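A.B. asks: model the structure of this input:
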Amino acid sequence: MSSHRALILGGTGMLSGVTRWLAGQGWHVVVPSRRYCPIPVDDDVPGRVRWIEARWERPERLAQDAARALGGKADLVVSWVHSAYRVPVLNAVAGLLVEDGPVVEVHGGSISPGEPRPALTGHPTQRVVLGYVREGASTRWLTHAEIVDGVLVAVRRALADRPRTEHHVGEPVSHHAH
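C.D. replies: Model (predicted):
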């Protein structure tokens, strides 16, 4: 059984590939979300994934349930939480993370460089900023696979104890673009 634990906030949706990758590396991954969404993992995968029901607007309850499901301190937190709930949710789960444990924060859409500041200032934070892809004269949003690949770059950097970095996946969305 793995001693590595991860808490992935938003890990059943667009980050499900990150959840599967960590489980494949032997991690015990807890994924709080509003709706039950099983993450399929093969029987030969050394790790496991555990879903817990959670609502971003109830961060203390989320943290209590996540603590029980983790069974110990998390070694990694990956978060893609709506901006209105990001800081309260991350503050609520801060005590579940090992000292100096890394955080990967994913941000979509239009944000200013360096903003918002990392929610958990006592933890090394890799920031992932999602944009769009230009194809000739047209543009498109990132695919699920492109998002997962981009976030995994940040997760691997975080686990390798690399310096904090802002990772841009695709081209940035300008504040004036629609």
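
A.B. asks: in the protein, which residue is closest to the centre?
C.D. replies: For the chain, the residue nearest the mean C-alpha position is Val78 (2.6 Å; C-alpha atoms, centre = their mean).

A.B. asks: shouldn't that one be in contact with Trp21?
C.D. replies: No. Applying C-beta atoms under 8 Å as the test, Val78 and Trp21 come out as separate, 10.6 Å apart. Backbone N, C-alpha and C define where each C-beta goes, glycine included.

A.B. asks: which residues do the two both contact?
C.D. replies: Val155 (C-beta atoms under 8 Å, 6 or more residues apart in numbering).

A.B. asks: okay, stretch 165-174 in PDB with CA atoms only?
C.D. replies: The C-alpha coordinates for stretch 165-174 follow below in PDB (Å, rounded to 0.1, in the frame of the first residue of the first chain):
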ATOM      1  CA  THR A 165       6.600  28.300 -11.700                       C
ATOM      2  CA  GLU A 166       3.700  29.600 -13.600                       C
ATOM      3  CA  HIS A 167       2.800  27.100 -16.400                       C
ATOM      4  CA  HIS A 168       0.800  28.400 -19.400                       C
ATOM      5  CA  VAL A 169      -1.100  25.800 -21.300                       C
ATOM      6  CA  GLY A 170      -2.000  27.200 -24.700                       C
ATOM      7  CA  GLU A 171      -2.100  30.900 -25.400                       C
ATOM      8  CA  PRO A 172      -3.300  33.300 -22.700                       C
ATOM      9  CA  VAL A 173      -6.900  34.500 -22.800                       C
ATOM     10  CA  SER A 174      -6.800  38.300 -22.900                       C
END
